[in-house]
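Engineer: kindly generate the corresponding structure for this input.
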Amino acid sequence: MQYFIDKDSVVRRIWGKADTVLFIFAGAAAEFALNKAVDWLYFTGKLPADPLGRLFSTVTYARQIIFAPQEEAFKAIDQINKIHRSVEEARGAQIPDWAYRDVLYMLIDYSVRSFELLERNLTAEEKNQVFDAFYKVGRRMGIPGLPANYAAWLVGRAQHLENNMVNSKFTIHLFEQYKKHLGAVRYALLKQVWLLLTPAAVRQLLPFKDRAVVKPVIGLYKLSRLISIDKLVKEALLPGEYKARIKALDIA
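Structural biologist: Numbering: from 1, shown residues only. Prediction:
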């Protein structure tokens with residue numbers, strides 16, 4: 001059986017562990033809020049009503065595609081296109097091409113950043129594998145203007161961060177919703193993850209002035225995995241209703 005992503009690809013290792021997926025989720029949560037096209041996510045009302053569930057679903061959907069047989073992955077990607085078209089029809093406008101690229105770019109970036117923060121540095125070949133995985137998604141979606149390789153993506157990523165990020169009224173509201181749904185303690189931890197994980201262009205626009213103080217905690221978290229208490233740590237980072245989803249993120 002042919003799979004969408006080769007079984008030997010590092011992408012499967014990155015997206016097969018709950019902790020790296022949760023960090024990808026965390027990075028995407030910050031950047032979604034700062035993206036100039038976040039108003040599209042507000043149009044349906046789903047994002048402000050349930051920001052954690054909406055973002056969790058986005059990351060989970062990407063993960064399912066990564067582990068699917070090729071034909072099933074194609075069907076899932078086609079379904080994403082269908083959903084987007086229905087939103088565009090309802091609003092009477094088109095989602096900008098750059099907004100689609102932004103989502104792919106952030107999934108590439110936070111896949112690399114999360115794995116390197118929690119595991120080890122990726123080789124050049126492994127970074128190319130991450131790029132290739134999401135390039136395949138973008139190509140199937142028919143997104144124009146995709147870079148041809150990882151080196152070109154680095155240039156495009158920097159340009160998108162410079163041109164498409166803004167601290168808007170949607171940003172402020174969405175961060176307030178994150179705090180409301182997480183609670184003060186979890187939100188404080190999430191802010192620290194953002195400060196460690198996000199690119200400088202994102203950190204500069206975050207609507208708070210905290211300083212990163214938990215970098216040593218990453219080392220303690222790595223130790224917790226060795227003594228098998230990391231499950232308790234992961235479950236403590238999100239509200240109780242997400243425990244089943246967190247558990248399902250680990251793939252043997």
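Engineer: any weak-confidence spans in the stretch 151-252 of the chain?
Structural biologist: 213-243, 252 (pLDDT under 70).
Engineer: where exactly do the helices run in it?
Structural biologist: When secondary structure is read from DSSP state H, counting those that start in this stretch, the stretch 151-252 of the chain shows helices at 169-182, 184-197, 200-203, 215-226, 230-237, 243-248.
Engineer: what packs against the shortest one?
Structural biologist: To tie it back to what came earlier, the one meant is helix 200-203. Contact analysis of helix 200-203 by 3 or more CB pairs under 8 Å, 6 or more residues apart in numbering; DSSP states H and E lists helix 18-34, helix 150-163, helix 184-197 as its packing neighbours. Every C-beta, even on glycine, is put in place using the N, C-alpha and C of the backbone.
Engineer: and with 6 Å instead?
Structural biologist: With contacts taken as 3 or more CB pairs under 6 Å, 6 or more residues apart in numbering; DSSP states H and E, helix 200-203 sits against no other helix or strand.
Engineer: starting at the chain centroid, how far to it?
Structural biologist: Mean C-alpha position of helix 200-203 versus that of the full chain (CA atoms, centre = their mean, to the nearest Å) differs by 15 Å.
Engineer: tell me, how many residues neighbour the closest residue to Q94 other than its chain neighbours?
Structural biologist: Excluding the flanking residues, the one nearest Q94 by CB to CB, 6 or more residues apart in numbering is E88, at 5.4 Å. For E88, the number of neighbouring residues by other CB atoms under 10 Å comes to 14.
Engineer: determine the three-state secondary structure at E88.
Structural biologist: Following DSSP: H, G, I helix; E, B strand; the rest coil, E88 is assigned to helix.
Engineer: that one contacts P96, correct?
Structural biologist: No: proximity of E88 to P96 does not meet the contact threshold set by CB atoms under 6 Å, at 10.8 Å.
Engineer: quick one on the thing from earlier: next one: the residue nearest to Q94, what pLDDT does it get?
Structural biologist: Looking at E88, its pLDDT is 94.
Engineer: look up how far Y61 lies from it.
Structural biologist: Note on E88: its distance to Y61, by CB to CB, to the nearest Å, is 18 Å.
Engineer: now swap in M141 and tell me
Structural biologist: Computed as CB to CB, the M141 to Y61 distance reads 13 Å.
Engineer: repeat for M106
Structural biologist: From M106 over to Y61 (counting by CB to CB), the distance is 14 Å.
Engineer: of those two, which one has the most company?
Structural biologist: Higher neighbour count among M106 and Y61: M106, with 25 against 14, using other CB under 10 Å.
Engineer: for that one, what are its contacts?
Structural biologist: Listed by CB atoms under 6 Å, 6 or more residues apart in numbering, the contact set of M106 reads A28, E31.
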